[in-house]
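Student: Got a predicted structure plus its sequence, pasted below:
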Amino acid sequence: MGQYVIEGRNRLCGSVRVHGAKNSALPILAACVAVGRPCVIHNCPDLSDINSTVKILRSLGCDVRRNDGTVFVDSSRISSACITDGLMREQRSSIIFLGSLLSARGEAVMSAPGGCDIGLRPIDIHLMSMKKLGVKISESHGEIRCTAGRLTGGKVVLPFPSVGATENIILASVKSSGVTTIINAAREPEIVDLAMFLNSCGARISGAGESTVVIEGVERLYSSQYAIMPDRIVACTYMAAAAVTGSTVVIDEVIPAHLVPVFSSFEQAGCRIEVSGSKIRISSPERLRAFDRIQTMPYPGFPTDCQAIMMSVACIADGITLINENIFENRFRHVTELRRMGAEIYVQDKTAVVNGVRNLQGTLVHSTDLRAGAALVVAGLCAEGRTTVDRICYIDRGYDSLAENLTALGAVIKRKD
Ligand code: UD1
């Protein structure tokens with residue numbers, strides 16, 4: 001399972017480079033199937049979720065080669081539209097192959113996806129959207145069989161701006177014979193990155209990043225090279241690491257505009273943030289202050305993926321911070337672990353009330369999902385004594401070289417496999 005062993009209370013300094021965004025890289029790699037020609041994807045992080053996606057691509061018959069952060073995907077000879085249950089269960093993002101396979105093969109056979117246990121995570125919006133586009137869906141013994149000829153496009157109104165469903169609709173309709181309009185689309189930067197990649201292959205997608213996205217189907221797509229955008233959640237994690245250790249750190253290769261939803265919480269906590277080009281410099285006070293209520297929301301609201309990480313910050317901030325989780329119904333599992341470290345947190349329904357303490361104490365804690373694990377690492381950096389974060393396989397899903405990067409900043413953190 002692996003552990004991180006952290007000796008807390010070391011000040012950080014220097015600069016850290018943020019790697020490519022997991023949540024962009026996964027749909028873009030899946031999109032290569034829809035492209036049907038060789039593609040070169042740069043700035044791809046080295047993560048276990050990326051490994052799972054590469055396994056799916058290969059199982060479909062794609063030729064995939066990796067060289068550091070560059071992944072070559074040639075889907076011109078895919079031989080299957082079927083993803084095994086074992087591969088589907090490795091991550092949530094496997095569902096994005098649904099739209100991509102429908103574009104490439106007119107069919108997709110798969111089971112429900114896996115992923116971090118942060119709530120029910122149904123796929124009803126994905127399936128409803130595909131039906132709206134004319135896809136025939138049958139489900140039996142856990143297998144979902146989707147078939148369609150060349151799609152003709154249509155109008156899909158999403159009941160909730162689901163990130164994955166928006167991506168699937170874009171992928172399913174990118175080579176349709178008509179025009180598809182998504183109303184109430186997710187506006188996350190990862191949607192924009194996917195659309196920019198597909199447009200670089202000759203797709204005609206407009207409005208990505210807004211609530212209405214229009215996809216004019218094209219006959220074919222072409223080879224392209226594309227660099228994945230920086231990971232905004234990883235950037236927020238390094239900001240939190242600086243904040244809880246009273247440090248000044250430069251976080252490099254970020255798109256600061258993507259982090260605006262989290263800036264105000266850090267500033268209210270007493271941190272100074274200076275932005276210059278693709279760099280953010282965060283300077284933190286000796287004692288953080290409690291910040292205004294966090295309400296997780298679809299972008300451009302506060303990201304649910306930063307909720308656990310900011311809770312670790314709130315744990316040692318002077319005063320009471322309220323945190324509402326509005327996106328997932330079971331995303332407070334880190335609370336029990338933070339309490340083991342001496343945090344004072346009370347949860348009622350969707351709200352966590354965090355009464356900041358002066359110090360956390362190091363102990364053995366378990367990662368319960370990807371961002372919960374990252375939150376525990378942040379807590380360990382400021383805790384007295386030794387913190388052992390267990391089950392770091394969850395953290396490996398989304399953080400490339402986390403211990404190395406924190407060590408370079410001055411943290412004392414060792415990986416034990
Ligand atoms: C993506 C991100 C994840 C992030 C989430 C919200 C990836 C790989 N993952 O996940 O890190 O936390 O966006 O920003 O990009 N829902 C349904 N039915 C559906 C689809 C979603 O009820 O068919 C619900 C989910 O259970 C959840 C909410 O809608 O409560 C948001 O889900 P969604 O936006 O689809 O998130 P993901 O694409 O799974």
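Tutor: That came in fine, so what should we check first?
Student: Pull the contacting residues for whichever residue of the stretch 151-300 of the chain sits closest to the ligand.
Tutor: Using C-beta to the nearest ligand atom, the single residue of the stretch 151-300 of the chain nearest to the ligand is residue 164, 2.9 Å away. (Glycine included, C-beta is placed from N, CA and C.) With contact taken as C-beta atoms under 8 Å, 6 or more residues apart in numbering, residue 164 is in contact with 92-93, 95-96, 123, 126.
Student: One more: residue 401?
Tutor: By C-beta under 8 Å, 6+ apart, the contact list for residue 401 reads 19, 46.
Student: On the three-state scheme, residue 260 is what?
Tutor: Under the three-state scheme (DSSP: H, G, I helix; E, B strand; the rest coil), residue 260 adopts helix.
Student: meant to ask about residue 196, not that
Tutor: What three-state DSSP gives for residue 196 is helix.
Student: Among the contacts of residue 164, name the ones that also lie close to the ligand.
Tutor: Checking these against the ligand by C-beta under 6 Å from any ligand atom, the ones in range are 92-93, 123, 126.
Student: re the thing from before, okay, and the residue of the stretch 151-300 of the chain closest to the ligand sits in which element?
Tutor: Taking DSSP states H and E as the criterion, the element that holds residue 164 is helix 163-173.
Student: who does the very next helix or strand once past that helix pair up with?
Tutor: Scanning forward in sequence from helix 163-173 by DSSP H and E, the next helix or strand is strand 179-183. With DSSP bridges as the test, strand 179-183 is paired with strand 155-157 (parallel), strand 212-216 (antiparallel).
Student: of all the ones you listed, which lies closest to residue 41?
Tutor: Closest of these to residue 41 is strand 212-216, at 20.9 Å (criterion: C-beta to C-beta).
Student: Would you mark the buried spots in that closest one?
Tutor: By neighbour count on 16 or more other C-beta atoms under 10 Å, the buried set for strand 212-216 is 213-215.
Student: Next, the angle from it to helix 163-173.
Tutor: Orientation check (axes from the mean of the first three to the mean of the last three C-alpha atoms, to 10 degrees): strand 212-216 against helix 163-173 gives 20 degrees.
Student: Which positions in the next helix or strand after strand 212-216 come out as buried?
Tutor: As assigned by DSSP H and E, the chain's next helix or strand after strand 212-216 is strand 224-227. Residues of strand 224-227 classed as buried by neighbour count (16+ other C-beta under 10 Å): 224, 226.
Student: Adjacent strands (with direction) for strand 224-227?
Tutor: Here strand 224-227 has these sheet partners by DSSP bridges: strand 39-42 (parallel).
Student: export the contacts of residue 164 to TSV and tack on secondary structure, neighbour count and pLDDT?
Tutor: TSV is the format used below for those (DSSP: H, G, I helix; E, B strand; the rest coil; neighbours: other C-beta atoms under 10 Å; pLDDT from 0 to 100):
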residue	secondary structure	neighbour count	pLDDT
92	helix	20	85
93	helix	25	86
95	helix	27	94
96	helix	29	95
123	coil	19	92
126	helix	25	96
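Student: nearest to residue 296, of those?
Tutor: Distance to residue 296 across the contacts of residue 164 (C-beta to C-beta) is lowest for residue 92, with 17.1 Å.
Student: pretty sure the closest one contacts residue 122?
Tutor: No: contact criterion C-beta atoms under 8 Å: residue 92 and residue 122 do not qualify, at 11.3 Å.
Student: how about the strands paired with strand 179-183 in CSV, adding distance to the ligand and mean pLDDT?
Tutor: Output for those, formatted as CSV (distance: least, C-beta to the nearest ligand atom, whole Å; pLDDT from 0 to 100):
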stretch, distance to the ligand, mean pLDDT
strand 155-157, 12, 98
strand 212-216, 14, 98
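Student: follow-up on the earlier one: from the chain's centroid, how far away is the helix holding residue 164?
Tutor: Centre-to-centre, helix 163-173 and its host chain are 16 Å apart (C-alpha atoms, centre = their mean, to the nearest Å).
Student: go on, stretch 14-22?
Tutor: Taking C-alpha atoms, centre = their mean, one finds the center of stretch 14-22 at 14 Å from the center of the full chain.
Student: in that stretch, what's buried?
Tutor: For stretch 14-22, a neighbour-count test (16+ other C-beta under 10 Å) marks 16-22 as buried.
Student: Identify the residues contacting residue 196.
Tutor: For residue 196, the contact set (C-beta under 8 Å, 6+ apart) comprises 208, 226.
Student: what about 7 Å?
Tutor: With C-beta atoms under 7 Å, 6 or more residues apart in numbering as the criterion, no residue contacts residue 196.
Student: Residue 218 now?
Tutor: For residue 218, the contact set (C-beta under 7 Å, 6+ apart) comprises 175, 202-204.
Student: What number of residues are in the vicinity of the residue lying closest to residue 110 once chain neighbours are set aside?
Tutor: If the residues on either side of it in the chain are set aside, residue 110 comes closest to residue 83, at 4.4 Å by C-beta to C-beta, 6 or more residues apart in numbering. Using other C-beta atoms under 10 Å, residue 83 is surrounded by 22 other residues.
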